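Undergrad: Got a sequence here, can you model it:
(chains A and B)
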Amino acid sequence: MRILIVEDEPDLLASLAQALREEGYAVDTADNGEDGLFNAEGTDYDAIVLDVMLPGLDGWEILKRLRKTKKTPVLMLTARDQTRDRVKGLDTGADDYVVKPFDLAEVFARLRAIIRRSVNQTSNVIEIGEVRVDTAARIVSLKDQPVELTAREYSLVEFMALHRGEVVTRTQLYEHLFDENESSLSNLLDVHVSNVRKKLGAEFIATRRGHGYCIEG
Amino acid sequence: MGDSMKLFKSIKWRLQLWYGLILVVVLAGFGFTSYQLERNRQFRRIDDELHRRVGVLGNAMHRPPPRGADGGGLPFDRPPRGQFPDDGPPGQNFRPRTEFHLPPEDAHFFGTNDPNGFYFKIRVGGGIKPGVQNETAIAHSDNYPERQSGLAYDYYFEQVNHVEKLRGKEVMQPVVMNLAEQRVVLNTLPSGEIIEVGCSIAPELHELNVAATKLTAVGVAILILGLAGGWWFVSRALRPIQAISTTAVKIAAGDLSQRINSAEAESELGQLAAVLNSTFARLETAFAQQKQFASDAAHELRTPVSVILTQTQMALGRERDAAGYKQTVEACQRAAQRMRKLIESLLELARFDAGQEILKRHPFDLASTVKDSVELVQALAEERRVKLVSELLPLSVIGDSERIAQVITNLLTNAIQYNQPDGEVRVKLEAQGNLAVFTVADTGKGIAPEDLPRVFERFYRADKSRTGAGNSGLGLSICKAIVEAHGGTIEMASVSSAGTTCTVRLPIND
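TA: Below you'll find the model as predicted:
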């Protein structure tokens, strides 16, 4: 899962980014409106955390322009908790909002929720054959036994599970699992796929040669 | 009881009561006077007629009866009128007549069978004359009414005696009296006969009754009209008070947007309403500003609190090395510093608002204060590659030099921060009349015209973002409060993309 954070307060941006990375997300950051919009338009993020008060373009303006081209789920960070601000945010195309000051746990939960909704998933738990993916607890189990996965492996499983039945291209995987600062060595992905197959069974991820990978529903 | 007390305490009722009372007194006085005047007029007319007839009868009595008309008439020595002594004891020279017939030429003075006409009776005796013991009627007109005439005589003699006693001698004055519906005059002739002339005053009394009824009716009508008119006028005059009271109640209940709706701006109450309305408007503005201020202050605290919360929650999420914790603690410290600065600024403004900020008042050289501030920001200017140019005229002002230094440093810092690299900040201190004029001009990108009037507003930021460390959005508000507390003014002028000039004017200490 790859997330963009647009926030101008450096300490807040740093802590949010680090916390989300530790949650296993690939995180890109922007500290002003123009950069934020540029990133948001150029990459298929799984979600965007967008502050309202920004130098340059403000959050409402970014949202308005972004909605012309992308349906990326957006979580707004607002300092004003008045109803009209929330209504304005939701009406402009935000998927959810969090009022400052917020708890990290709430931000994580809301991010999971908007990502889930964006792929038409209603539950935190996805079951594929004997494999069970709990996206809230970030635990994958096989035949009711928890399976040890690295953060990157978990992200791969989660992303594939959320897009079950679809063919996911390697480019898509690179875009969603790695942030802009990581060197995307092409065989790194193969290593992750092969590790996941070892842990969850070879048939869990099917290879569509020339297209990408797929988890059969 | 409570209600009636309330009623009497109401201005409307008290006014009504007072002028009702005055109206009643005036109308009653007027009515009574008119009635009396009319009554006197009527009676005077009747009395004149009666006296005239008494005179006529008196004259007739002194004339000898026409020949052949009265065979049994006694020889009667009629003295000339002029010789008859008015104050002499009557009845000594003449004997009273025993018989009298009204001469035909005088008959028209009296009615014959008309009960409402004038009538007369002449008699002798009845106690007034010591020589005549027996009361004897000599003559009377045909329409002389049947009544107890004794009453009239008793009253007459009483009056006559009274007059006698008063004057100490016997004077025969005619006496006028009312007997039932009769007006009667009695008079004693020098020869001793008592002439009684009277007439019915029933028509006059009836007329007077009608007049009294009319006067009362008119009086009552005027009173009702007056009270109704007064009620209407007082209600109208007091209507603004009602409006004021209604509005004040609503405002007291918390709806500050209420205003008194008064059409009568001309009257004193209308003016009062206008004054109250402007007071309410100022109150509402002040409340709104206070509310906005509190909400803005809370809003400003949200971001640093968010930093502390996310930093600590993130740090506590898992075990970290010393460097990781240090980073978190440092971020928290920065957020706390920011909050401290904000709180200090808020308190400072609150003190200025409450008029509690105590400023020192001593004369100091403004030029040297400016020079110190310029030196203070020199490092920042060099870092931003901004050139500082100053042109200072030594001028003494009275006030708190530390506070003024705070204003100057703040303005200089803004001029440097919002400048562009290789820009310039010109600081100038000069005298204009009795004002010390301090200007800071930068070569930055300027302030948009729509933002310019609002730069001194609390929490107002032209760039709508929080960037710029320590920019609480309160700096210029505090500058304004300080300068105004010194009796000075501060203003901002800007030319887009050519720079901003801030001017502070303070009174010079002569």
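Undergrad: Which residue ranges of chain B form helices?
TA: B:2-9, B:11-62, B:150-167, B:202-252, B:268-316, B:322-354, B:366-383, B:401-417, B:475-485 (DSSP state H).
Undergrad: closest to B:E491 out of those?
TA: helix B:475-485 (9.5 Å; Cβ to Cβ). Using the backbone N, CA and C atoms, a C-beta is placed for each residue, glycine as well.
Undergrad: Please name every helix or strand in contact with that closest one.
TA: Taking 3 or more Cβ pairs under 8 Å, 6 or more residues apart in numbering or on different chains; DSSP states H and E as contact, the helices and strands that helix B:475-485 lies on are helix B:322-354, helix B:401-417, strand B:489-495.
Undergrad: could you give the mean pLDDT of it?
TA: Averaging pLDDT along helix B:475-485 yields 89.
Undergrad: Now do the buried residues in stretch B:191-211.
TA: In terms of neighbour count (16 or more other Cβ atoms under 10 Å in any protein chain shown), stretch B:191-211 has its buried residues at B:191-201, B:204, B:208, B:211.
Undergrad: between those residues, which is closest to chain A?
TA: Lowest distance from chain A to the buried residues of stretch B:191-211 (Cβ to the nearest Cβ) belongs to B:A211, with 80.7 Å.
Undergrad: So for the closest residue to the closest one other than its chain neighbours, what's the pLDDT?
TA: Nearest non-adjacent residue to B:A211, counting by Cβ to Cβ, 6 or more residues apart in numbering or on different chains: B:E38, 5.7 Å away. On pLDDT, B:E38 comes in at 91.
Undergrad: B:E38: neighbour count?
TA: By the measure other Cβ atoms under 10 Å in any protein chain shown, the count of residues near B:E38 is 16.
Undergrad: ok, back up a step: so which of the buried residues of stretch B:191-211 are in strands?
TA: Of the buried residues of stretch B:191-211, the ones assigned to strands by DSSP state E are B:193-200.
Undergrad: Quick one: name whatever helix or strand follows the least confident helix or strand in chain A by mean pLDDT.
TA: Lowest on mean pLDDT, DSSP states H and E among the helices and strands of chain A sits helix A:83-92, with a mean of 80. Using DSSP states H and E, the helix or strand that follows helix A:83-92 towards the C-terminus is strand A:96-99.
Undergrad: Do me a favour and average the pLDDT over that next one.
TA: Strand A:96-99 carries an average pLDDT of 89.
Undergrad: Can you name every helix or strand that that strand contacts?
TA: strand A:74-78, helix A:83-92, helix A:104-118.
Undergrad: Buried residues, stretch B:441-456. List them.
TA: B:441-447, B:451-452, B:455-456.
Undergrad: thinking A:D179 is in contact with A:N39, fair?
TA: No - between A:D179 and A:N39 there is no contact under Cβ atoms under 8 Å: 10.6 Å.
Undergrad: Give me the common contacts of those two.
TA: A:D28 (Cβ atoms under 8 Å, 6 or more residues apart in numbering or on different chains).
Undergrad: Quick check: B:V176 vs B:Q313, distance?
TA: According to Cβ to Cβ, to the nearest Å, B:V176 and B:Q313 sit 121 Å apart.
Undergrad: So, low pLDDT: which residues of chain A?
TA: By pLDDT under 70, the low-scoring segments of chain A are A:183-186, A:217.
Undergrad: can you give me the strands for it?
TA: Shown for chain A, the strands assigned by DSSP E span residues A:2-6, A:26-30, A:47-51, A:74-78, A:96-99, A:125-128, A:131-134, A:139-142, A:145-147, A:167-169, A:206-208, A:212-214.
Undergrad: that older thread, make a markdown table from the helices of chain B and add distance to A:E61 to it.
TA: Listed next are those as a markdown table, based on distance: least, Cβ to Cβ, whole Å:
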| stretch | distance to A:E61 |
| --- | --- |
| helix B:2-9 | 63 |
| helix B:11-62 | 61 |
| helix B:150-167 | 117 |
| helix B:202-252 | 40 |
| helix B:268-316 | 20 |
| helix B:322-354 | 26 |
| helix B:366-383 | 32 |
| helix B:401-417 | 24 |
| helix B:475-485 | 26 |
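Undergrad: Quick one: closest of the ones you listed to A:S123.
TA: Evaluated with Cβ to Cβ, the helices of chain B place helix B:268-316 nearest to A:S123, the distance being 26.0 Å.
Undergrad: now that closest one: mean pLDDT?
TA: For helix B:268-316, mean pLDDT rounds to 85.
Undergrad: Off-centre distance for that helix?
TA: Using Cα atoms, centre = their mean, to the nearest Å, the mean C-alpha position of helix B:268-316 is found 40 Å from that of the whole chain.
Undergrad: just checking, what packs against that helix?
TA: Using 3+ Cβ pairs under 8 Å, 6+ apart as the contact criterion, the elements in contact with helix B:268-316 are helix A:10-22, helix A:104-118, helix B:202-252, helix B:322-354.
Undergrad: Which neighbouring elements make contact with the third one?
TA: Read that as helix B:202-252. Packed next to helix B:202-252, using 3+ Cβ pairs under 8 Å, 6+ apart, are helix B:11-62, helix B:268-316.
Undergrad: Those helices into TSV, with extra columns for distance to B:V437?
TA: Converted to TSV, the helices and strands packed on helix B:202-252 look like this (distance: least, Cβ to Cβ, whole Å):
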stretch	distance to B:V437
helix B:11-62	57
helix B:268-316	29
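Undergrad: Those helices: which one's closest to B:G254?
TA: Going by Cβ to Cβ, the one of the helices and strands packed on helix B:202-252 nearest B:G254 is helix B:268-316, 9.8 Å.
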